[in-house]
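A.B. asks: My questions are about this predicted structure, shown below with the sequence.
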Amino acid sequence: MWRALVFLALLAVAAVGAVWVADHPGTVTIVWSGYQIGVSLAVALVGVLVAVLVVGIILAVVRGVVGLPGFLSRSTRERRRAKGMSALSRGMIAVGSGDPLAARRHAGDAERLLGAQPLTLLLKAQAAQISGDRDAAEKAFRSMADDPETRVLGLRGLYVEARRREDDTAARAYATEAARLAPSVTWANDAVLEAQCADGDWAGATETVERRASLGLMDKNAARRQRAVLLTASAQLHEAGEPEAALVEAQKAVSLVPDLVPAACIAGRLLARKGDLRKAAKVLQTAWKAEPHPDLAKVYLTLRPGDSTQDRLNRAEVLARLSSWHPEARLAVAHAATEARDFAKGREVLAPLVADHPTVRTCMQMARIEQAEHGAETGLAREWLARATRAPRDPAWIADGIVSERWAPVSPISGRVDAFVWKTPPELLGGPSDDDAEHEPETASQSMKNLASPVARADGPLLAAKPKGDPVAGSAYLVDSGTPPVPPVFKVGQPAGNNEPPELRGLS
């Protein structure tokens with residue numbers, strides 16, 4: 001639109017000029033070297049325009065001739081760049097599809113056509129990786145690490161290669177340097193955190209989590225929970241030798257995440273040891289209302305070691321009322337009733353659990369009641385022990401497919417912080433049902449041996465182990481930690497109630 005208007009305006013100006021020249025006729029005389037030429041004004045103007053056009057054409061031809069070598073050179077470079085970018089694109093596709101021969105061929109073409117650019121070095125390194133040429137991949141990553149523009153990416157590749165050859169010292173050095181150069185790089189922060197947890201440097205790991213949270217690399221709630229987990233790990237370490245420091249750390253963890261079971265247990269034990277029973281009971285009750293757990297019940301019932309068995313039974317009933325008689329509360333009450341030799345009450349509180357697919361712990365508790373009342377080799381005790389070998393499993397600490405009876409701050413498989421969750425392990429192998437099973441006479445010792453066989457547990461100290469699998473599958477910037485998938489698990493039990501806790505007996 002605007003171009004049409006401008007054209008019309010110029011055309012109008014030219015018409016006006018032509019009319020003006022026609023209305024004002026005149027003669028233009030040129031005298032040069034004794035010659036005199038006289039022409040009209042209109043002819044003179046046309047001659048000037050023609051001369052300008054001729055000079056312009058001559059200048060354009062001269063400029064084209066002079067600039068022809070440069071034009072040909074630029075055209076050649078553009079063609080090489082286009083071919084190089086095409087080879088680079090095809091090489092990336094070959095790496096993604098897992099074709100090592102095509103990847104190496106295209107990587108060579110891209111390097112020949114484009115030179116040692118960051119993308120060509122990356123393609124060369126990835127092609128070497130999927131071809132199994134570790135030396136060539138490491139050489140390419142070192143070249144990238146020497147360039148300030150690609151230094152962090154080169155360190156990433158060197159870190160991956162160090163993990164592949166299980167050189168933890170070198171991998172840690174590369175990750176630390178990358179975190180120093182680029183504090184917001186996620187993989188470097190994760191690697192530094194994993195190394196600190198593996199060394200038991202809980203204070204350093206806590207600082208790393210706080211730095212990541214300040215940079216906005218993780219959610220605030222996730223950061224609070226990770227801090228609480230790391231403080232709990234430090235409290236575990238100091239509980240035996242430095243109880244004061246452990247108590248401070250455990251209380252900080254509880255203030256961050258009140259329902260963190262291990263932190264509440266440590267805080268409850270240490271507060272009870274100091275004689276602050278009311279505060280210890282409050283910490284344990286808060287955690288219990290959020291998630292009833294057998295460790296909480298154990299600590300709560302033994303806050304005062306000198307109490308009678310009846311006092312412990314009364315405190316177990318307090319936990320039951322707080323959680324609206326959660327299955328864990330029923331087991332705790334039954335255990336306390338058995339110790340108080342109130343066997344009828346123990347059977348009564350376990351009756352709802354016995355009627356609905358009793359778990360291993362329920363069957364074992366019923367066996368303990370029968371053994372305590374009638375003797376170890378009674379028929380009912382043997383029957384309950386036999387049922388326990390086929391009963392559904394109870395909740396346990398699970399992380400990356402590992403089932404453990406004890407909590408740990410990091411996963412022994414992936415090194416991930418706060419990996420353990422309290423869930424019911426999956427039933428991988430279904431045993432015979434109670435209706436189909438033929439109950440043969442079995443001693444209590446034989447039943448206890450059978451209980452140890454169906455489940456593989458991690459009862460010993462949990463040590464962080466590095467994954468042995470290939471951490472990278474054809475990519476220099478995507479790491480597969482080798483963590484096995486966790487089968488789906490389902491949590492049992494009803495949510496905790498909101499009843500107010502009554503006054504505890506024996507804790508005033």
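C.D. replies: Cool, the structure landed. Residues are numbered from 1 along each chain as shown.
A.B. asks: Mean confidence (pLDDT) on stretch 77-86, please.
C.D. replies: Stretch 77-86 shows a mean pLDDT of 87.
A.B. asks: Stretch 393-406 now?
C.D. replies: Averaging pLDDT along stretch 393-406 gives 92.
A.B. asks: do stretch 227-238 as well
C.D. replies: Mean per-residue pLDDT for stretch 227-238: 95.
A.B. asks: Strands of the protein, residue ranges please.
C.D. replies: Applying DSSP state E to the chain gives strands spanning 27-32, 35-40, 396-399, 402-404, 421-423.
A.B. asks: can you put these in TSV and add distance to residue 138?
C.D. replies: For glycine as for every other residue, the C-beta is placed from the backbone atoms N, C-alpha and C. What follows is those, written out as TSV (distance: least, Cβ to Cβ, whole Å):
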stretch	distance to residue 138
strand 27-32	80
strand 35-40	83
strand 396-399	33
strand 402-404	33
strand 421-423	38
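A.B. asks: Deepest-packed of these, please.
C.D. replies: strand 396-399 (a mean of 22; mean count of other Cβ atoms under 10 Å).
A.B. asks: Check which helices and strands it sits against.
C.D. replies: If you count contacts as 3 or more Cβ pairs under 8 Å, 6 or more residues apart in numbering; DSSP states H and E, strand 396-399 packs onto strand 402-404, strand 421-423.
A.B. asks: Are there helices or strands packed against the last one, and which ones?
C.D. replies: The one in question is strand 421-423. Applying 3+ Cβ pairs under 8 Å, 6+ apart, one finds that strand 421-423 contacts strand 396-399.
A.B. asks: So which residues make contact with the strand it packs on?
C.D. replies: 403-408, 411-413, 416, 419-425, 457, 486, 489 (Cβ atoms under 8 Å, 6 or more residues apart in numbering).
A.B. asks: Residue 144 and residue 263: what is the separation?
C.D. replies: 43 Å (Cβ to Cβ, to the nearest Å).
A.B. asks: Can you tell me which residue is spatially central in the chain?
C.D. replies: Nearest to the mean C-alpha position of the chain, counting by Cα atoms, centre = their mean, stands residue 416 at 7.5 Å.
A.B. asks: now it, nearest residue through space, not along the chain?
C.D. replies: With sequence-adjacent residues excluded and distances taken as Cβ to Cβ, 6 or more residues apart in numbering, residue 416 is closest to residue 410, at 6.5 Å.
A.B. asks: give me the number of residues near that neighbour?
C.D. replies: A count of nearby residues for residue 410, using other Cβ atoms under 10 Å, gives 24.
A.B. asks: repeat for residue 414
C.D. replies: Per other Cβ under 10 Å, the neighbour tally for residue 414 reads 19.
A.B. asks: Report pLDDT for it.
C.D. replies: The model's pLDDT for residue 414 equals 87.
A.B. asks: how much space between the residue lying closest to residue 218 once chain neighbours are set aside and residue 413?
C.D. replies: The shortest distance from residue 218 to any non-neighbouring residue, by Cβ to Cβ, 6+ apart, is to residue 212 (5.2 Å). For residue 212, the distance to residue 413 (Cβ to Cβ) stands at 22 Å.
A.B. asks: Would you quantify the distance from the closest residue to residue 400 other than its chain neighbours to residue 61?
C.D. replies: Of all residues not flanking residue 400 in the chain, residue 413 sits nearest, at 4.0 Å (Cβ to Cβ, 6+ apart). Computed as Cβ to Cβ, the residue 413 to residue 61 distance reads 75 Å.
A.B. asks: My read is that residue 174 contacts residue 155, right?
C.D. replies: Yes - applying Cβ atoms under 8 Å as the test, residue 174 and residue 155 come out as touching, 4.8 Å apart.
A.B. asks: shared neighbours of those two, anything?
C.D. replies: Common neighbours of residue 174 and residue 155, using Cβ under 8 Å, 6+ apart, do not exist here.
A.B. asks: can you count the residues close to residue 99?
C.D. replies: Residue 99: 18 surrounding residues under other Cβ under 10 Å.
A.B. asks: which stretches of the stretch 351-500 of the chain aren't confidently modelled?
C.D. replies: In the predicted model of the stretch 351-500 of the chain, residues 428-500 satisfy pLDDT under 70.
A.B. asks: and residue 53, how many neighbours?
C.D. replies: Counted with other Cβ under 10 Å, residues neighbouring residue 53 total 10.
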